[in-house]
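Q: coordinates only, no sequence provided:
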């Protein structure tokens, strides 16, 4: 039976009255997401990660490894694992670094191996002392799993599962501190971070740059870009007003975990005013927890980009949550 959320319309936003009321409603959001994305896999797909190292490069302050890991029977995920030299003697916190759309080099862009500028957040975090894992996204560049044959109904859910298994990998590494992680991404990586964090409580802080606006506002109501195999084909089955969840539901579902959103005023993909409205709607749930201040949105004066000053602020947020306050100088970032 279709699931529709009472909090899933920006026009009729009616936040719950207490944290307990929200927690009672939250499972309906997960059900609505899976109605469109397909079901989240269970323990039957978990097995040995069987990590294989394909190449290793010393990058000065950190080691960069190209690895693969088994996310489920019949599928190996390519990923870059960046290990600060210092972490080999004193374990460091870790971040899941999810790459933007790039069908030529894929996840290489976030480790500084080409592509557009302002995308190398995995290598920047590694330089600051964080372990960073950057998995490939399904159906981009050289990672082409047959997600349908693997039992999925969307590339989105396949990516979520690959990311969750990536956290399993990080949790097993002796040079990673703790069992809580950051998720950071730009564009595709921006919404991939949010989708994953909704299902994955080990993600303690989320950074999304140019990652979303309301489905209702996207491209003047033309959501065809969201309905490819890489994303969620089932969205095409819904009239726009009937989509059973939206980004304010998902941001609300992160509460009370810190979430830092960058929505540039010149972004041609996602409208910054829609993002601002999404965040303010979700803030009503954060406020129930007394955590409204940890949901932050900024609007830099640029296009679809992740400029240095905004990355610095995002890294500070990650450092504050994961316990490496000394990793970034707060005086270097704008207010």
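A: Ah, there it is. Small disclaimer: the values here were computed from a predicted structure and weren't measured. Numbers count the residues shown, from 1 in each chain.
Q: now do the helices in the protein.
A: With DSSP state H, the ranges of helices along the chain come out as 19-37, 121-127, 155-172, 188-199, 247-254, 272-288, 308-322.
Q: include mean neighbour count, mean pLDDT and distance to residue 210 when you put those helices into TSV, please.
A: Yep, even glycine has a C-beta here, placed from its N, CA and C like the rest. Shown next, in TSV, are the helices of the chain (neighbours: other CB atoms under 10 Å; pLDDT from 0 to 100; distance: least, CB to CB, whole Å):
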stretch	mean neighbour count	mean pLDDT	distance to residue 210
helix 19-37	17	95	21
helix 121-127	26	98	13
helix 155-172	22	98	17
helix 188-199	25	98	6
helix 247-254	25	97	13
helix 272-288	20	96	9
helix 308-322	21	97	10
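Q: which among the ones you listed is found nearest to residue 49?
A: In terms of CB to CB, the element of the helices of the chain nearest to residue 49 is helix 155-172, at 5.3 Å.
Q: tell me what that closest one is packed against?
A: helix 19-37, strand 62-72, strand 75-84, strand 92-98, strand 131-135, strand 176-186, helix 188-199 (3 or more CB pairs under 8 Å, 6 or more residues apart in numbering; DSSP states H and E).
Q: just the angle between that helix and strand 176-186, please?
A: Angle, helix 155-172 to strand 176-186, by axes from the mean of the first three to the mean of the last three CA atoms, to 10 degrees: 150 degrees.
Q: which stretches of this structure have low pLDDT?
A: 1-14, 325-335 (pLDDT under 70).
Q: find the centremost residue of it, please.
A: residue 193 (0.6 Å; CA atoms, centre = their mean).
Q: wait, it sits on residue 98?
A: Yes - assessed by CB atoms under 8 Å, residue 193 is found in contact with residue 98 at 5.4 Å.
Q: follow-up on the earlier one: and the residue nearest to the centre of the chain, how far from residue 43?
A: Counting by CB to CB, to the nearest Å, the gap from residue 193 to residue 43 is 24 Å.
Q: same check, this time on residue 258
A: For residue 258, the distance to residue 43 equals 29 Å [CB to CB].
Q: now swap in residue 186 and tell me
A: For residue 186, the distance to residue 43 - CB to CB - is 32 Å.
Q: same question for residue 113.
A: Note on residue 113: its distance to residue 43, by CB to CB, is 35 Å.
Q: so which of those two has more stuff around it?
A: Neighbour totals were compared for residue 113 and residue 43, and residue 113 leads with 16 against 6 (other CB atoms under 10 Å).
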